[in-house]
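# What follows is a predicted structure for the sequence shown.
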Amino acid sequence: MLNFVYYTPTKVVFGKGSEKETGKLIKEQGAKSVLIHYGSERVVKSGLIPEVERQLDELGIRHVKLGGVVANPHLGKVREGIELAKKNDVDFVLAVGGGSVIDSCKAICYGLADPDHDVWELFAHTRPAKACFPLGSILTIAAAGSEMSNSCVITNELTGEKRAYDDNLARPRFAVMNPEFTTTLPDYQTQSGCADIMMHTMERYFNNGGYMEITDALAEGLLRTVMKNAEILHKDPKNYEARAEVMWASSLAHNGLTGCGSDGGDWSVHLLEHEMGGMFNVTHGAGLAAIWSSWARYVMNDCLDRFVKYAVNVMGVEDSGDKQQVALEGIHKMEEFYHRIAMPINMRELGIEPTDRQIEEMADSCLRATGGGCGSARRLNRDDMITIYRKAR
């Protein structure tokens, strides 16, 4: 195992009716003016935003709203939020939605804390953040884990670049989680979320640097739990217990817990998918599923023991002693699981067919974003990336 720092300052209020604590939680932060940031009008029509506004009004806390966040959240909306928050002397930002909304809020908070610089510079990695305004969230989609993570991913819609910036400064002060809010989601969105949750754990699991038995056990248990409940929700989307299991798994998968003692993980699948998302605006979790098995078969022999352990402990493959055969069977069973929850296992099933030139553009962009390569299970260079994209086509 390697040394590690585990930092999770986010206060979680979980369960039915937990949204009724939002005003109190915001008041605890000393907020005087709040930006309520959200995506679709679903959270307005459901009564959730009006309920938050009512609580803030009773407490005498000013507030302003900004909706319109889309999947793969746009830099333009972030800049709009920064300007709106400045005009209204906002000192706290509340995300009402899923990972895209929370990420948009994090970027807004970075921009508010350093108004003399363009926030995109963080995502271009030309400077580090010095500060970040405080934020909290009411989670309505279980997927990204942004409600407890240090991560933030924004798409520059003018250049097609989808880039991440990670810093503990942006960890939310609190997360309100009522699984009931996820019951009206379309199945595709629910299952894409489950794929994303699993990949956050798998990215940390498949590495060549540092392991802990307890961390592996937590990761394997989380993966088995998400798989079980993803299939339940595919057939019974109103099942509250399954919704609750998946929502809590979303947070635990990306708050650092499943990476303790490791080198931090691989993250190549995420980085390859970011380019697909930037170019084709695909749903993130589905994009991860579409690229994973091609990546897995390509790097398997460089991280064989981990793939064998995954196959046996997560996918239920019998250990025959033939490591390659066991690892390949684990990957095959993962593909079968994706199909059982209507997730794609290649780009064609995802609905995109990139040309050779587009694949080269994605590889070049990924190479720039990673500073020359990525990966822990296997270090990927440009040719590796191109090969994986082509195998996933």
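Good, I have the coordinates.
# And the helices in the stretch 201-350 of the chain?
Secondary structure of the stretch 201-350 of the chain (DSSP state H, counting those that start in this stretch): helices at 213-235, 240-254, 268-280, 284-299, 304-313, 323-340, 347-350.
# where are the low-confidence patches of the chain?
For the chain, applying pLDDT under 70 flags no range at all.
# For stretch 326-341, C-alpha coordinates in PDB please.
Taking C-alpha atoms only, stretch 326-341 is exported to PDB below (Å, rounded to 0.1, in the frame of the first residue of the first chain):
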ATOM      1  CA  VAL A 326     -10.300 -15.800 -16.400                       C
ATOM      2  CA  ALA A 327      -9.600 -12.200 -17.100                       C
ATOM      3  CA  LEU A 328     -11.200 -12.300 -20.600                       C
ATOM      4  CA  GLU A 329     -14.300 -14.100 -19.200                       C
ATOM      5  CA  GLY A 330     -14.600 -11.300 -16.600                       C
ATOM      6  CA  ILE A 331     -14.500  -8.700 -19.400                       C
ATOM      7  CA  HIS A 332     -17.100 -10.700 -21.400                       C
ATOM      8  CA  LYS A 333     -19.400 -10.900 -18.400                       C
ATOM      9  CA  MET A 334     -19.100  -7.200 -17.900                       C
ATOM     10  CA  GLU A 335     -20.300  -6.700 -21.400                       C
ATOM     11  CA  GLU A 336     -23.200  -9.000 -20.800                       C
ATOM     12  CA  PHE A 337     -24.100  -6.900 -17.700                       C
ATOM     13  CA  TYR A 338     -24.000  -3.700 -19.800                       C
ATOM     14  CA  HIS A 339     -26.400  -5.200 -22.300                       C
ATOM     15  CA  ARG A 340     -28.700  -6.400 -19.500                       C
ATOM     16  CA  ILE A 341     -29.100  -2.700 -18.400                       C
END
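# what's in contact with that stretch?
191, 194-195, 227, 230-231, 234, 289, 292-293, 296-297, 300, 304, 307-308, 310-312, 314-320, 344-345 (Cβ atoms under 8 Å, 6 or more residues apart in numbering). All C-beta spots, glycine's among them, are computed from the backbone N, C-alpha and C.
# Which of the residues in it are classified as buried?
Neighbour-count burial for stretch 326-341, counted by 16 or more other Cβ atoms under 10 Å, picks out 326-331, 334-335, 337-338, 341.
# Pipe those residues into CSV and attach distance to Lys65 per row.
Formatted as CSV, these follow (distance: Cβ to Cβ, whole Å):
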residue, distance to Lys65
Val326, 53
Ala327, 50
Leu328, 51
Glu329, 51
Gly330, 47
Ile331, 45
Met334, 41
Glu335, 42
Phe337, 39
Tyr338, 37
Ile341, 34
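# out of these, what pair is the most spread apart?
Pairwise distances among the buried residues of stretch 326-341 were taken by Cβ to Cβ; the largest, 23.3 Å, belongs to Val326 and Ile341.
# Can you select the buried ones among the contacts of stretch 326-341 for me in PyMOL?
Selecting just the buried residues from the contacts of stretch 326-341 in PyMOL takes one command, with 16+ other Cβ under 10 Å as the test:
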select buried, resi 191+194+195+227+230+231+234+289+292+293+296+297+300+307+308+310+311+312+314+315+317+344+345
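# Tell me the helix or strand right after the helix or strand where Thr155 lies.
Thr155 belongs to strand 151-156 when elements are defined using DSSP states H and E. Sequence order places strand 161-166 as the next helix or strand after strand 151-156, per DSSP H and E.
# Okay, now the sheet partners of that next one, with direction.
strand 151-156 (antiparallel) (DSSP bridges).
# Can you give me the domain assignment for the chain?
11-181, 186-391 (automatic domain parsing).
# The ones you listed into TSV, with extra columns for distance to Phe4?
Compiled in TSV, those are given as follows (distance: least, Cβ to Cβ, whole Å):
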stretch	distance to Phe4
domain 11-181	14
domain 186-391	5
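# nearest to Met1, of these?
Distances from Met1 to each of these were compared using Cβ to Cβ; the minimum, 3.7 Å, belongs to domain 186-391.
# circling back to that earlier point, identify, from the buried residues of stretch 326-341, the entry nearest to Gly136.
Ile341 (30.8 Å).
# Next, that closest one: phi, psi?
Dihedral pair for Ile341: phi -110, psi 20, per degrees, to the nearest 10.
# Against Gly285, how distant is it?
With distances taken as Cβ to Cβ, to the nearest Å, Ile341 is found 10 Å from Gly285.
# same check, this time on Glu80
In terms of Cβ to Cβ, Glu80 sits 26 Å off from Gly285.
# So which of those two has more stuff around it?
Gly285 (25 against 15; other Cβ atoms under 10 Å).
# Verify the stated contact: the more buried one with Gly145.
No. Applying Cβ atoms under 8 Å as the test, Gly285 and Gly145 come out as separate, 11.5 Å apart.
# Common neighbours of the two, please.
Asp196.
# And the residue nearest the centre of the protein?
Nearest to the geometric centre of the chain sits Ala144, at 2.6 Å (Cα atoms, centre = their mean).
# Neighbours of Asp166, how many?
13.
# nope, Gly259 is what I was after
Gly259 has 24 neighbouring residues, counting by other Cβ under 10 Å.
# if I read this right, it contacts Met212, doesn't it?
No. Gly259 lies out of contact with Met212 (Cβ under 8 Å); the separation is 9.8 Å.
# hmm, back to that, find residues that contact each of Ile341 and Gly285.
191, 194-195.
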